[in-house]
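Student: how does the following fold in three dimensions:
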Amino acid sequence: MVVGKMIARGWLEEVEANLRRGEPMWRETGDGHGTTLIATEAGLEAIGIESVVASAVASVRRAKPKAEPEPVQTPDDSETVRPVAIRAGTKQAQIISMLQRPEGATVAEMVAATGWLAHTVRGSISGALKKKLGLPITVEKVEGRGTFYRIG
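Tutor: Now for the predicted structure:
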């Protein structure tokens, strides 16, 4: 009943489950396929996740991967996949919003905004944003500005 109300309010969306990727199945559709629930942008905002972060996560979910690698099972993997939540106002949220700008951001700009060291910013981009959140980070080099990063 609660899930039905959350779907009606637009906070959750029922999508086809990708069982090969280890997505949990919410219900079976009867034709051998299953569905899973994902939080929508409105749902992420309703639980306090900043709108720029919510839109970044939603855009990644909408993007179709070119080739889907088989998931690697490690001994500490649990059977359920938990969505990653990013708290509003964090330094990671700041970096994501900077990377969503059309002009992107340089490491120096992100260092100035967060107070982190350059190696921490680069590690956050490759580890937390690319690997953990799966955000498509692109890198470009422009004469006069240097190397800058951007989402998409």
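Student: tell me which residues of stretch 2-13 are tucked away?
Tutor: Within stretch 2-13, the residues that qualify as buried are 6, 11, 12, 13, counting by 16 or more other CB atoms under 10 Å. For every residue, glycine as well, the C-beta is placed using N, CA and C.
Student: contacts for that stretch?
Tutor: Applying CB atoms under 8 Å, 6 or more residues apart in numbering, the set of residues contacting stretch 2-13 from outside is 14, 37, 38, 39, 40, 42, 43, 46.
Student: I figured the first one hits residue 40, correct?
Tutor: No. Counting by CB atoms under 8 Å, residue 14 sits too far from residue 40 to count as a contact (10.7 Å).
Student: turn the contacts of stretch 2-13 into TSV, columns for distance to residue 128.
Tutor: Below are the contacts of stretch 2-13 laid out as TSV (distance: CB to CB, whole Å):
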residue	distance to residue 128
14	28
37	24
38	20
39	19
40	23
42	24
43	22
46	23
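Student: neighbour count for residue 14 and residue 40, which is higher?
Tutor: Taking neighbours as other CB atoms under 10 Å, residue 14 and residue 40 compare with residue 40 leading, 19 against 14.
Student: the more buried one: what's it in contact with?
Tutor: For residue 40, the residues meeting the contact criterion (CB under 8 Å, 6+ apart) are 10, 11, 12, 13, 58.
Student: output those in a markdown table; the columns should cover distance to residue 150 and secondary structure.
Tutor: Shown next, in a markdown table, are the contacts of residue 40 (distance: CB to CB, whole Å; DSSP: H, G, I helix; E, B strand; the rest coil):
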| residue | distance to residue 150 | secondary structure |
| --- | --- | --- |
| 10 | 29 | coil |
| 11 | 29 | coil |
| 12 | 30 | strand |
| 13 | 27 | strand |
| 58 | 17 | helix |
